[in-house]
Every structure is written in C-alpha cells, then in structure tokens.
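> no FASTA, just this:
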DNA sequence: TATTGTTATACTCTATAACTATA
DNA sequence: TATAGTTATAGAGTATAACAATA
C-alpha cells in the first residue's frame, strides 16, 4: 500500500528543485544554460530538427523554445534554414562552434558531478542509474 | 570502479531538469512557485527565521531570497518584523493565509505526484525513498 | 482553414553590485 | 568597519496570445 507515498513525493520534489538549482549554479561564464545545452545535445544526436521537434523533445511550448533557439543562433551555435519541402518549417543544425561549446560544457559539468558521484559507493551509483529512468518516466507522464 | 559514471551523471542531470520542469508546470493559477512554497514550508517547520536563515536554507543569495519573500509578503502569506535584539535583522512568520496556501498547494501537487507514484511498484517507491536523500546530499555538497 | 513559427507581454528565478541601517 | 538587508539591473526560462507566412 502507498504507506509513505506523501513522504516519497515530498522528498522527491525537494530533491528535484535543489538538484536543478545546484546544476544551474555550476554553470560558468560563457556556458549555455541547462535547457539550452539539452537543445544542443538533442541536435547533436539528431540533426535537422524543426522547431516543433525541438519543442516536443524539450516538452515546452513553441514560443518558449523559439526564444531559446534564437539565443543559440545569436551565439552562432546553431544554424536555421527553411525546409525546402514545407516552407513553413525551419530546420536547425549544430555548428562547429556549437559542437565545441556543447562538448566543453558537458565535460565541465560532468567533472563536477563525477566528483560527487565518485564519493558514493558503487551500490549507490547503481541505484541512481536504476532510478533515473523512473524519474524521467514520472516527468514525462 | 566508476565504470559508467558519465552515464549516471548525464541521466541524473536530464532527470532533474525534466522533473523540475514538470513540477513547475503542475502549478495552477493562484499557487506560489516551487521555490516560494519551499520558503513557506520552511517557515511552517521553523518560524521566526531571519532573511539570512532563509537564504541559507534555500541555498540562494540574500538578494535572491529578498525578492522571494517580498512577493510572499505582498500576498500576505508571511509577515516581516524587526528583531528586537539586533535591529539589523528581520524576522519572518507564516500568516494564517500563508499556512492555508501552503497546505492547499502541497495537497494539490501531491495529488498529482501521488497518482504518478501510485503507478509504480512498492519496490520502486522504496527505491525512490532510499535515493532521495542521496540526491539531496549531492545537491547540497 | 490549418499548421508552423515569431514576437510581445508578463511573471519568476537568479546573481551581482551599489546602497542603507544598525552593530 | 562589519553585518543584515534592500533595491536596481540584467539575463534566462516559461506561458499565453496576437500575428505572419505557408500549405
């Protein structure tokens, strides 16, 4: 039975808020935000996505993602072109600079997090890896 | 050994960002933000805190928390008074309205999350409860 | 008409820096 | 001088709503 379900929820909420806040604060001058980085990573894995594709992947509105990509475009981290078949659509691609920025940001942030994770036991790390998909499932439900 | 430590980190980061985003989006008209709610909950558990206390509890700067409490004060959810011993300090307390708003917000958000958690197995919930402190430890390290 | 994007507006979070008041 | 707090400024994320372009 959902014995302590309220407790689980409260702990989870607190953990997510704090963790997000902490991740964000690890960002240094010149690095893009968490959300923008996820866009770069998404485009790295699968180029040629439209604005709608990116909005769906990030689970935000079109208006929201539109501003995020505008900033990334101003930084010359991504390029925007028109879809030749359906000219209402735009197609985004990662630039060489965007690629580099993405890699550098990821490395820097992983360095910090890896140090934290390294302080855990192997069992705890295994727990985390097992739980992460669960968290994503909840977030995307 | 940190075999898949990068993977753990990447998954964790993605989960935290998504989860935070999802929690935030569950907020409805008239409810305070996640961050403001944490302030209300903090004051509920331990009244009479100063601005510095609240900033430390939330792990944000004084300037940042100052604006959060200003909004909460405008909503009449908290009251601010001067410390009688050290008049540089302020003391915050939850009002009856703040108490109610906090309870209502928590209940509403828990309803949503509980529904999600209810879909998990008891073992998965136990995992989450065990892992949450780990996440907080990482966030606060 | 329906779909794809863009832009304007508004609100929140956050940090830093300059400033006030009190110790 | 040092400490507690406030406020101004700036940048980012988000949503909604009004708008433009294309299908």
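That came in fine, so what should we check first? Note that this is a predicted model, so its numbers are computed, not measured.

> Which parts of chain A are helices?
Listed in chain order, the helices of chain A (DSSP state H) span A:5-25, A:34-45, A:51-58, A:62-74, A:96-118, A:122-140.

> What about the residue of chain A found nearest DNA strand D, how many residues nearby?
As assessed by CB to the nearest atom of the strand, DNA strand D sits closest to residue A:63 within chain A, at 2.6 Å. Where C-beta positions appear, they are placed from N, C-alpha and C, glycine not excepted. By other CB atoms under 10 Å in any protein chain shown, 8 other residues sit near residue A:63.

> got it, and residue A:54?
Residue A:54: 22 neighbours (other CB under 10 Å).

> Contacts only, for the residue lying closest to residue A:28 once chain neighbours are set aside.
Spatially, and ignoring its direct neighbours in sequence, residue A:28 is nearest to residue A:108 (7.0 Å; CB to CB, 6 or more residues apart in numbering or on different chains). Contact analysis of residue A:108 by CB atoms under 8 Å, 6 or more residues apart in numbering or on different chains lists A:26, A:28, A:31.

> Just among these, which is most surrounded?
Ranked by neighbours (other CB under 10 Å), the contacts of residue A:108 are led by residue A:31, which has 17 neighbours.

> Distance of that one relative to chain B?
Per CB to the nearest CB, to the nearest Å, residue A:31 is found 14 Å from chain B.

> Was I right to think that residue contacts residue A:106?
No. Residue A:31 sits out of contact with residue A:106 when judged by CB atoms under 8 Å, with a separation of 9.8 Å.

> shared neighbours, those two?
residue A:37.

> Give me the local confidence score for the residue nearest to residue A:28.
Residue A:108 carries a pLDDT score of 92 in this model.

> What distance do you get for it to residue A:29?
Here the criterion is CB to CB, to the nearest Å. By it, residue A:108 lies 11 Å from residue A:29.

> Residue A:51 too?
Counting by CB to CB, the gap from residue A:51 to residue A:29 is 28 Å.

> More neighbours: which of those two?
The neighbour comparison of residue A:51 against residue A:29 (other CB under 10 Å) goes to residue A:51, with 16 against 4.

> Run through the residues that contact the residue nearest the centre of chain A.
A centroid search over chain A (CA atoms, centre = their mean) returns residue A:38, at 3.0 Å, as the residue closest to the centre. With contact taken as CB under 8 Å, 6+ apart, residue A:38 is in contact with A:58, B:14, B:17.

> Buried ones from the residues you listed, can you make that a PyMOL selection?
Selection of the buried residues among the contacts of residue A:38 in PyMOL, burial being defined by 16 or more other CB atoms under 10 Å in any protein chain shown:
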select buried, (chain A and resi 58) or (chain B and resi 14+17)
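
> and DNA strand D, which of the contacts of residue A:38 reach it?
Counting by CB under 7 Å from any atom of the strand, residue A:58 from the contacts of residue A:38 sit close to DNA strand D.

> Columns distance to residue B:46 on top of the contacts of residue A:38, output as a markdown table?
Formatted as a markdown table, the contacts of residue A:38 follow (distance: CB to CB, whole Å):
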| residue | distance to residue B:46 |
| --- | --- |
| A:58 | 37 |
| B:14 | 33 |
| B:17 | 30 |
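
> Using a markdown table, lay out the contacts of residue A:38 together with pLDDT.
Formatted as a markdown table, these follow (pLDDT from 0 to 100):
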| residue | pLDDT |
| --- | --- |
| A:58 | 94 |
| B:14 | 88 |
| B:17 | 91 |
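
> My guess is residue A:78 contacts residue A:90. True?
No. The pair residue A:78 and residue A:90 does not pass the contact test of CB under 8 Å, sitting 10.6 Å apart.

> neighbour count winner among these two?
Per other CB under 10 Å, whichever of residue A:78 and residue A:90 has more neighbours is residue A:78, with 23 against 17.

> Who does that one form a beta bridge with?
Legend: beta-bridge partners of residue A:78 under DSSP bridges are residue A:94.
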